[in-house]
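1. Here you go, sequence then predicted model.
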Amino acid sequence: MLRDPTQTIGNLIEKQKHCFIASVDADGFPNLKCMLTPRKREGIRAFWFSTNTSSRRVAQYRGNPKAAIYFYDRRFYRGVQLVGTMEVLEDAAIKEEIWEVGDTMYYPLGVGDPDYCVLKFTAARGRYYAGFKSEDFNV
């Protein structure tokens, strides 16, 4: 089914406007949140998202970096879950790299806003669903 996971899944991701990210809370329960698609990605291995430093998700990733992200193609009813770890990055270089015009709507103090940080997800493995079949793969 998946001859080239990087290409197939990369194409699916490129067409989405939203994705879901999952974290683990202090009681060990999964927490899921819808986000805008990543600002940057390297294949299907690394993904960078912008978010608020003060968010619940950031606190959860700092306590437990285990994470998952999920992209869903509604039109063709297919999706991919990637499982790995999430890092909270606050260095100026990556914050500037993924900053976009209009971000002051979320971070009024600009790229240096202390409530602006970057989440970097690194995938270890995944599960792809399409055509009523699922397939596991390593990244």
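-> Received, thanks.

2. Mind naming the longest helix for the chain?
-> In the chain, with assignment by DSSP state H, the single longest helix is helix 5-14.

3. Mind naming the longest strand for the chain?
-> Counting residues, the longest strand in the chain under DSSP state E turns out to be strand 116-130.

4. Next, the buried residues of that one.
-> Residues 116-123, 126, 128-130 are the ones in strand 116-130 that count as buried (16 or more other CB atoms under 10 Å). For glycine as for every other residue, the C-beta is placed from the backbone atoms N, C-alpha and C.

5. Give the other helices and strands that the longest helix of the chain contacts.
-> Applying 3 or more CB pairs under 8 Å, 6 or more residues apart in numbering; DSSP states H and E, we find helix 5-14 packed against strand 66-73, strand 78-89, strand 116-130.

6. Quick one: closest of these to Arg39.
-> Closest approach to Arg39 among those is made by strand 116-130 (8.0 Å; CB to CB).

7. next SSE after whichever strand or helix holds Arg41?
-> Using DSSP states H and E, Arg41 maps to strand 40-42. Sequence order places strand 46-52 as the next helix or strand after strand 40-42, per DSSP H and E.
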